[in-house]
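> Any chance you could fold what I've pasted below:
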Amino acid sequence: MKRRRIIPGVLATLASFAPAADAGAMKPERGYALLGRPVDVRVEGMEPSEFDRGVRVELVRLDSGAVVESGAAPGACFDAAEVFPLLRLNPPATALGVRLAEQREDPGVVLVPMWSAARHENALSHAFRTANRANDRRGMDALLRLNGIALDSLERSVVTVEPNEPVFSGYRLLESKRVVVRTSLGEVVFAPRYDAAPATCAAFIRLVESGFYDGSPIHRVVPRPEGDSGGGLIQAGDPTGSGQGGSGERVPMESPVLAHGFGVISLARVPGDPDSASGQFVIALGPDRDGTLKEGSTPFGVLVSGAPVLSELSTVAVGHRRAGDPRSPKDRPIASLKIEKAWTEPGPVVSGSDPAPPAAPAPPVER
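Predicted coordinates for the structure are as follows:
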């Protein structure tokens, strides 16, 4: 077989069409920076001469973009803890972002502080265990005398057990991303809030990037009440469409920090079973006035694009969950709705303001 010779000029021409690194994009040098070690990040696509003239970088809050510290990057690769002394002197309680001061919409780096985590337990089991350990017979008798309503309330509740002495072990470094979900009715885009629920964000993004959600049904829609901005939800992420399926993994619960509201996405779990989240997610259509979402999910992200699509999804016609059973909840979409594909894209470190819902939707069609 005769080999074709490519002359250097052609190679140079081809090279000119090769994609260049995103100018100003920031990426972590490694996934973890353990205690006392450099928190190395790098800036791509910038010339050394630009750093000689001064490139300003900022340490910011992920929710508002408020600047915590700022400084000059000494080069394309630098130790963020040297530029921002706060990272070593007073480690933050929640995640922060590092970005270029002059290119705030470019991807940055999310720094997640690694503190010893709290533990979550079923409230009823915790109460019995605590009374038993303390040999508290009076407390045990009181628990045994509880009526059914009180027992059910405890069974559906969760208590948080904080570590005796929180220990800081360093930082996890992540590229800032957006999550795009293409549904049957259009695309919605979410910003993960690592400052609100870092482990939940990481679990969700891992499932997205592995293709877990591709082709799965949107199996539950609770419309917003007519003329009301509160209530309502959309639920998906169950490959079986039954509401009982999942990924086979268990995601540890994190204490809710982010308030439920229009476009806030949460990982669903069984009420009273703190670590039962396994891939199903819920998108709120308004404030959680009755506490249902708080009881059964962990909010971890906000909608940044696609509010009209979300509103349209909320108006689809629904039927009873169990066909032929009028006593079952009326939250099953009649038409087939699904997640066609979900993926991640680079995005700014700051989530931006939550979009307001469009005008109150028309009531769903009764069938």
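> I figured T183 hits K341, correct?
No. Using CB atoms under 8 Å, T183 is not in contact with K341; the gap is 9.4 Å. All C-beta atoms are positioned from the backbone trio N, CA, C, and that covers glycine.
> These two: who's more crowded?
Set T183 next to K341 and count neighbours by other CB atoms under 10 Å: T183 wins out with 21 against 15.
> Tell me the spacing between the more buried one and H120.
31 Å (CB to CB, to the nearest Å).
> So which elements touch the helix or strand where A72 lies?
Using DSSP states H and E, A72 maps to strand 67-73. If contacts are counted by 3 or more CB pairs under 8 Å, 6 or more residues apart in numbering; DSSP states H and E, strand 67-73 sits against strand 55-61, helix 80-83.
> Can you tell me the strand partners of that strand and which way each runs?
The pairing partners recorded for strand 67-73 under DSSP bridges are strand 55-61 (antiparallel).
> now could you export just the CA positions of the strand it pairs with as CSV?
Output of strand 55-61 as CSV, limited to C-alpha atoms (Å, rounded to 0.1, in the frame of the first residue of the first chain):
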residue,chain,number,x,y,z
VAL,A,55,-4.4,38.5,36.0
ARG,A,56,-6.9,39.0,38.8
VAL,A,57,-8.6,36.0,40.3
GLU,A,58,-11.5,35.9,42.8
LEU,A,59,-12.7,33.6,45.6
VAL,A,60,-16.5,33.8,45.6
ARG,A,61,-19.7,32.5,47.1
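> what is the rounded mean pLDDT of it?
Across strand 55-61, the average pLDDT comes to 94.
> ditto for stretch 263-272
92.
> Report the distance from it to the chain centre.
Centroid separation between stretch 263-272 and its chain, computed with CA atoms, centre = their mean, to the nearest Å, is 11 Å.
> Next: stretch 61-73.
21 Å.
> Return the set of buried residues in it.
R61, L62, D63, G65, E69, G71, A73 (16 or more other CB atoms under 10 Å).
> In CSV, list those along with distance to C201.
Listed next are these as CSV, based on distance: CB to CB, whole Å:
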residue, distance to C201
R61, 16
L62, 10
D63, 13
G65, 18
E69, 23
G71, 27
A73, 26
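> Between which two of those residues is the distance greatest?
The distance between the two most remote of the buried residues of stretch 61-73 (CB to CB) is 23.9 Å, for D63 and A73.
> can you pull out the helices in the protein?
Along the chain, the stretches classed as helices by DSSP state H are 8-16, 48-53, 80-83, 86-89, 123-133, 137-144, 148-155, 198-209, 292-296, 307-313.
> Make JSON lines out of those helices and add mean neighbour count and distance to M253.
Converted to JSON lines, the helices of the chain look like this (neighbours: other CB atoms under 10 Å; distance: least, CB to CB, whole Å):
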{"stretch": "helix 8-16", "mean neighbour count": "9", "distance to M253": "51"}
{"stretch": "helix 48-53", "mean neighbour count": "10", "distance to M253": "43"}
{"stretch": "helix 80-83", "mean neighbour count": "20", "distance to M253": "30"}
{"stretch": "helix 86-89", "mean neighbour count": "15", "distance to M253": "27"}
{"stretch": "helix 123-133", "mean neighbour count": "15", "distance to M253": "13"}
{"stretch": "helix 137-144", "mean neighbour count": "12", "distance to M253": "23"}
{"stretch": "helix 148-155", "mean neighbour count": "12", "distance to M253": "16"}
{"stretch": "helix 198-209", "mean neighbour count": "21", "distance to M253": "8"}
{"stretch": "helix 292-296", "mean neighbour count": "18", "distance to M253": "11"}
{"stretch": "helix 307-313", "mean neighbour count": "19", "distance to M253": "25"}
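> Mean pLDDT lowest where, among the ones you listed?
helix 8-16 - the lowest mean pLDDT of the helices of the chain, at a mean of 47.
> got the CA positions of the strand holding A72 in CSV?
Included here for strand 67-73 are C-alpha records, laid out as CSV according to Å, rounded to 0.1, in the frame of the first residue of the first chain:
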residue,chain,number,x,y,z
VAL,A,67,-16.2,38.2,46.5
VAL,A,68,-14.7,36.7,49.6
GLU,A,69,-11.0,37.4,48.6
SER,A,70,-9.2,38.5,45.5
GLY,A,71,-5.6,38.5,44.3
ALA,A,72,-3.3,38.2,41.4
ALA,A,73,-2.5,34.8,39.7
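> what's next to it, contact-wise?
43, 51, 54-61, 83-86, 92, 96, 101 (CB atoms under 8 Å, 6 or more residues apart in numbering).
> which one among the buried residues of stretch 61-73 gets closest to R224?
After measuring the buried residues of stretch 61-73 against R224 - CB to CB - the closest member comes out as D63, at 24.7 Å.
> how about the nearest residue to L310, chain neighbours excluded?
Closest residue to L310 apart from its sequence neighbours, by CB to CB, 6 or more residues apart in numbering: V188 at 5.6 Å.
> Pretty sure the one you found sits against G306.
Yes. Using CB under 8 Å, V188 is in contact with G306, at 3.4 Å.
> And the two? Which one has more around it.
V188 (25 against 22).
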